[in-house]
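S.K.: A predicted structure for the sequence below; I have some questions about it.
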Amino acid sequence: MPFYFDWTYLLVIPGLIIALWAQASVKRAYGKYSQVSTKGGITGADVARRILAQNNIDIAVTRSEGGQLSDHYDPKAKVIRLSQGVYDNSSIAALGIAAHETGHAIQYHKSYMPIFVRNGLLPVANIGSFLAFPMVFLGIIFGHFSFLINIGILLFTAVVIFQIVTLPIEFNASKRAMETLADGGYLDEYEIVGARRVLTAAAMTYVAALIATLLQLLRLILLSQRRR
């Protein structure tokens, strides 16, 4: 039986490299600026609470049970969870991350439309990320069920759309964070530069994820065309 090499696997490699680069970049930026204390000495938890109070948002700020960079806003529980390195830390990275998470809370408070669009897409995106590839490959293997290929591609397209909608949400939260930190005098000019580098590196992980997903979608389309 002759050896057959599926060249479409090569499409996965650039996406993997970009994703690894993005992860390394955010860890490098966080590692650097988590070691630089701000002149104001305010902690990530304190700055989050102050920003929320300024916007008349009554939600809790607690420690996250996860590890490093596990910071997030939970809209269902209405709580901002900050990792240990952010909650109790007064570093440039800590304040940037804490302000970013409050940016998400402000988005919900002000009914920022893209975040509700993303929430609406989430169930379909979850199904697509789990079932798309199995359905495409079943459709390829069993020719009589070729309609499964189209369904799989449509489901995975929902994953792509979800990630596209996520980008403006993340960039907007970072923009709100930087404006708040600067206007509120929480960081000076040098510190603002560091916080921006941390948040930009974090945002690039979402860009990298989108590129990787687009390459996966292209691979599915090419596989479906080959079958036809």
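M.R.: Okay, I see it.

S.K.: which stretches of this structure form helices?
M.R.: Along the chain, counting by DSSP state H, helices occupy 12-33, 44-54, 84-87, 92-109, 113-141, 147-183, 189-227.

S.K.: Out of those helices, indicate the one that is most buried.
M.R.: Highest mean neighbour count of these: helix 92-109, a mean of 26 (counted as mean count of other C-beta atoms under 10 Å). (C-beta placed from N, C-alpha, C; glycine too.)

S.K.: Just put the helices of the chain in CSV and tack on distance to residue 68 and mean pLDDT.
M.R.: Putting those into CSV (distance: least, C-beta to C-beta, whole Å; pLDDT from 0 to 100) gives the following:
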stretch, distance to residue 68, mean pLDDT
helix 12-33, 8, 94
helix 44-54, 13, 96
helix 84-87, 6, 94
helix 92-109, 10, 97
helix 113-141, 25, 90
helix 147-183, 19, 94
helix 189-227, 12, 91
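
S.K.: Correct me if wrong: residue 187 contacts residue 92.
M.R.: Yes: here residue 187 lies in contact with residue 92, judged by C-beta atoms under 8 Å, at a distance of 6.9 Å.

S.K.: how about residue 23, what does it touch?
M.R.: 205, 208 (C-beta atoms under 8 Å, 6 or more residues apart in numbering).

S.K.: Same question for the one 5 residues further on.
M.R.: With contacts defined as C-beta under 8 Å, 6+ apart, residue 28 is in contact with residue 201.

S.K.: Can you tell me the centre-most residue of this structure?
M.R.: Note on the chain: the residue nearest the mean C-alpha position is residue 206, at 4.6 Å, using C-alpha atoms, centre = their mean.

S.K.: Now do the nearest residue to residue 204 once chain neighbours are set aside against residue 182, distance only.
M.R.: Excluding its sequence neighbours, the residue lying closest to residue 204 (C-beta to C-beta, 6 or more residues apart in numbering) is residue 22, at 4.8 Å. Using C-beta to C-beta, to the nearest Å, residue 22 is found at 25 Å from residue 182.

S.K.: Now for residue 187 and residue 92: what residues contact both?
M.R.: Counting by C-beta under 8 Å, 6+ apart, the contacts common to residue 187 and residue 92 are 38, 195.

S.K.: tell me how far stretch 78-88 is from the chain's mean position?
M.R.: The chain centroid and the centroid of stretch 78-88 are separated by 17 Å under C-alpha atoms, centre = their mean, to the nearest Å.

S.K.: which residues sit against that stretch?
M.R.: Here stretch 78-88 makes contact (C-beta under 8 Å, 6+ apart) with 34, 43-45, 48, 52, 59-74, 91, 93-94, 97-98, 101-102, 105.

S.K.: Just the C-alpha atoms of that stretch, please, in PDB.
M.R.: Only the C-alpha atoms of stretch 78-88 are listed here, as PDB (Å, rounded to 0.1, in the frame of the first residue of the first chain):
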ATOM      1  CA  LYS A  78     -20.600  39.600  38.500                       C
ATOM      2  CA  VAL A  79     -17.100  39.300  39.900                       C
ATOM      3  CA  ILE A  80     -13.600  40.200  38.700                       C
ATOM      4  CA  ARG A  81     -11.200  37.400  39.600                       C
ATOM      5  CA  LEU A  82      -7.500  38.400  39.700                       C
ATOM      6  CA  SER A  83      -4.600  36.100  39.900                       C
ATOM      7  CA  GLN A  84      -2.300  36.300  43.000                       C
ATOM      8  CA  GLY A  85       0.400  38.100  41.000                       C
ATOM      9  CA  VAL A  86      -2.200  40.800  40.100                       C
ATOM     10  CA  TYR A  87      -4.500  41.000  43.100                       C
ATOM     11  CA  ASP A  88      -1.800  41.800  45.700                       C
END
